[in-house]
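Undergrad: Sequence first, then the predicted structure, then my questions.
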Amino acid sequence: EAQVTQNPRYLITVTGKKLTVTCSQNMNHEYMSWYRQDPGLGLRQIYYSMNVEVTDKGDVPEGYKVSRKEKRNFPLILESPSPNQTSLYFCASSWGLTSYEQYFGPGTRLTVT
Amino acid sequence: LAKTTQPISMDSYEGQEVNITCSHNNIATNDYITWYQQFPSQGPRFIIQGYKTKVTNEVASLFIPADRKSSTLSLPRVSLSDTAVYYCLVGEGDMRFGAGTRLTVKP
């Protein structure tokens, strides 16, 4: 089954404790991205990647890192999480820039205390 | 990246047709128009995409006038399960979803 998976689905952590949210897709998509969603602010893009070793900032990249060492994986790294990063995070993938059908993961609800 | 403008919210009743319009005045020649649907705590789901005139699939229709400066997503005979947020996206590169249109379908 074609899908985007994220882990963990729920995470409660404390300020400053490094964490990684994994994202994996099995569709051989080139384009992957991360979004955060907050009430009243809609979906905001954090980072995106157009291919292996190619990443770029979205609208709200501060406090986040990403890497794209393999085509299928696009982890989101929070080196020193802060409470303002408490949010619902979505990973997405698609065939590329000219195809806008993005496939989204189930989401990761992160709480930073 | 073309900026889009949609209504913040809309209400409808079961069985009615719902039309959500999106304005994108500075759409580029190569830009496609794409609509997504999102239910609470779920990732957005692709509904339909078009370039010009009309596109129809099993879920919705998309109407795009000749000047392409706007588009209308049409949902026929909505049900309670169509209550969701609908996003209009235009352009390439990084994907900006905006706030979308919150559709509430009432019994």
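TA: Arrived safely.

Undergrad: check contacts around the closest residue to chain A within chain B.
TA: Going by C-beta to the nearest C-beta, chain A is nearest to B:Gly43 of chain B, at 2.6 Å. All C-beta spots, glycine's among them, are computed from the backbone N, C-alpha and C. Contacts for B:Gly43 were tallied using C-beta atoms under 8 Å, 6 or more residues apart in numbering or on different chains; they are A:4, A:90, A:92, A:104-107.

Undergrad: of those residues, list those near chain B.
TA: A:4, A:90, A:92, A:104-107 (C-beta under 8 Å from any C-beta of the partner chain).

Undergrad: any chance of those in a markdown table, plus pLDDT?
TA: Shown next, in a markdown table, are these (pLDDT from 0 to 100):
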| residue | pLDDT |
| --- | --- |
| A:Val4 | 97 |
| A:Phe90 | 97 |
| A:Ala92 | 94 |
| A:Phe104 | 94 |
| A:Gly105 | 96 |
| A:Pro106 | 95 |
| A:Gly107 | 96 |
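
Undergrad: among these, which are in strands?
TA: When DSSP state E is applied, those are split such that A:4, A:90, A:92, A:104 fall in strands.

Undergrad: Flag every buried residue along stretch B:31-41.
TA: B:31-38 (16 or more other C-beta atoms under 10 Å in any protein chain shown).

Undergrad: Closest one of those residues to A:Gly16?
TA: B:Gln38 (31.7 Å; C-beta to C-beta).

Undergrad: Show me the two of the ones in strands among the ones next to chain B among the contacts of B:Gly43 that sit farthest apart.
TA: Top of the distance list for those (C-beta to C-beta): A:Val4 and A:Phe90, 8.8 Å.

Undergrad: The residue nearest the centre of chain A in helix, strand or coil?
TA: With distances taken as C-alpha atoms, centre = their mean, A:Trp34 lies nearest the centre of chain A, 3.0 Å away. Secondary structure of A:Trp34, reduced to three states by DSSP: H, G, I helix; E, B strand; the rest coil: strand.
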